[in-house]
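Q: What follows is a predicted structure for the sequence shown.
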Amino acid sequence: MTLVMGIVNVTPDSFSDGGRYADADAAIAHGLSLLAAGADILDVGGESTRPGSERVASAVERARVLPVVAALAETGAVVSIDTMNADTAAAAVAAGARIVNDVSGGLADDGMLAAVAAAGVDFAIGHWRGHATDMYAGAVYDDLVADVVTELGARVAAAEEAGIRRERLIVDPGLGFAKRGEQNWTVLGHLPQLAALDLRVLVGASRKGFLAAALPEPEADERRRDLATAVTSVLAAQAGAWAVRVHDVAATRDALAVAAAWQNGAAA
Ligand code: PMM
């Protein structure tokens, strides 16, 4: 069954939770509640990548995330660290993280691939063409799906060359990263083409603007965005996704359980 990665943002400026979990204790409590809701992985991040966001100094990022990573890993949870900084990745692994999730696939920090190779953990490679300060400058493609697959393939090759074992690699189409609204739907509609890379595929659609734009009322509140996310989780699972990265773990777990009952002809 497709795994559920629950999002634990430790950022005062995240668009999706309004910075409610800015404080470490609240973020830890939120992570524990996502575990109770059935999260298989907790993805802890301290730098917002929302379009237009400014970069955060990596020392500030580390101060935000390390206590949260340590406390959640201590419970035995599988923790991933959502960072573009090699220093933060290495420190988070030392604090117990078992996956490095880099939306830039190692492009933002020259030291990232070597840091992950040395850490000996899994590495999620996002498709990325530039920082959030200029998110849509790169949203021009010759052939969108083919370009995404080729560019991810190049990062996979670079990661292997740096000494990260292939079975440790995960690829992510990077929804919203250098992709305008409808381009995200094109990528999702061709998700099986990512399978050609023969690696685990991670999908992060949760609460993103392109998803809300598909609703009859695009200004839909958070609850409706979470319902839309849960539907997307099922479709991503059917397209072969290894894991989905979501804010509302309970909604996605419910949706995946119903889809599994349909497929198996029986409730689990
Ligand atoms: N999106 C965001 C942050 N981290 N990580 C992966 N692997 N894939 C994504 O699509 C992704 C990510 C931005 O969303 P958020 O601000 O809601 O966390």
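A: It's in. Residues are numbered from 1 along each chain as shown.
Q: Return the residues in contact with the residue in the chain that the ligand sits nearest to.
A: Per CB to the nearest ligand atom, the residue of the chain with the smallest distance to the ligand is G204, at 2.4 Å. No exception for glycine: its C-beta is placed from N, CA and C like everyone else's. Neighbouring residues of G204 by CB atoms under 8 Å, 6 or more residues apart in numbering: D172, G174, L175, V244, R245.
Q: If we use 6 Å, what do you get?
A: L175, R245 (CB atoms under 6 Å, 6 or more residues apart in numbering).
Q: So which bits of this structure are right by the ligand?
A: Residues of the chain lying near the ligand by CB under 6 Å from any ligand atom: 7, 9, 14, 16, 48-50, 82, 101, 103, 124, 126, 172, 174-175, 202, 204, 206-207, 245.
Q: one more time with 5 Å, if that's ok
A: Within the chain, the positions near the ligand by CB under 5 Å from any ligand atom are S16, T49, D82, N101, V103, D172, G204.
Q: Okay, and the beta partners of the third one?
A: When bridges are called by DSSP bridges, D82 pairs up with G45, N101.
Q: looking at it, it is touching S48, isn't it?
A: No: in this structure, D82 is not within contact of S48 by CB atoms under 6 Å, at 10.2 Å.
Q: ok, these two, which is more surrounded?
A: Just comparing D82 and S48: by other CB atoms under 10 Å the higher neighbour count belongs to D82, 31 against 20.
Q: Tell me who's in contact with the more buried one.
A: Residues near D82 by CB under 6 Å, 6+ apart: D43, G45, N101.
Q: mind checking how far it is from V69?
A: 10 Å (CB to CB, to the nearest Å).
Q: Dihedrals phi and psi, the nearest residue to R168 once chain neighbours are set aside?
A: Once flanking residues are discounted, R168 sits nearest to D122: 4.9 Å by CB to CB, 6 or more residues apart in numbering. In terms of degrees, to the nearest 10, the main-chain angles of D122 are phi -70, psi 150.
Q: again with L235
A: Torsion angles at L235 (phi, psi; degrees, to the nearest 10) stand at phi -70, psi -40.
Q: And for it, nearest residue in space, chain neighbours not counted?
A: L188 (7.4 Å).
Q: Same check on A117?
A: G163 (3.7 Å).
Q: can you list contacts of the strand ranked longest in the chain?
A: Under DSSP state E, the strand in the chain containing the largest number of residues is strand 3-9. With CB under 6 Å, 6+ apart as the contact definition, strand 3-9 has outside contacts at 17, 21, 27, 30-31, 34, 39-45, 243, 245, 247, 249, 252-253.
Q: Write the ChimeraX selection for whichever of those are buried.
A: The ChimeraX command for the buried members of those (criterion: 16 or more other CB atoms under 10 Å) is given here:
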select :17,21,27,30,31,34,39,40,41,42,43,44,45,243,245,247,249,252,253
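Q: out of the contacts of strand 3-9, which are inside strands?
A: Those of the contacts of strand 3-9 lying in strands (DSSP E): I41, L42, D43, V44, G45, A243, R245.
Q: is it true that the first one touches V79?
A: To tie it back to what came earlier, the one meant is I41. No: using CB under 6 Å as the test, I41 is too far from V79 to be in contact (7.4 Å).
Q: ok, what's across the strand from V246?
A: G6.
Q: What is the neighbour count of it?
A: Burial of V246 is recorded as 28 neighbouring residues (other CB under 10 Å).
Q: so it makes contact with D254?
A: No: V246 lies out of contact with D254 (CB under 6 Å); the separation is 11.6 Å.
Q: can you map out the strands along the stretch 51-200 of the chain?
A: 78-82, 99-102, 122-126, 169-172, 200-203 (DSSP state E, counting those that start in this stretch).
Q: Show me what counts as buried in the second one.
A: By neighbour count with 16+ other CB under 10 Å, strand 99-102 contains the buried residues I99, V100, N101, D102.
Q: thinking again about what came up before, reformat the contacts of D82 as TSV; add pLDDT.
A: Rendered in TSV, the data for the contacts of D82 read as follows (pLDDT from 0 to 100):
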residue	pLDDT
D43	98
G45	96
N101	98
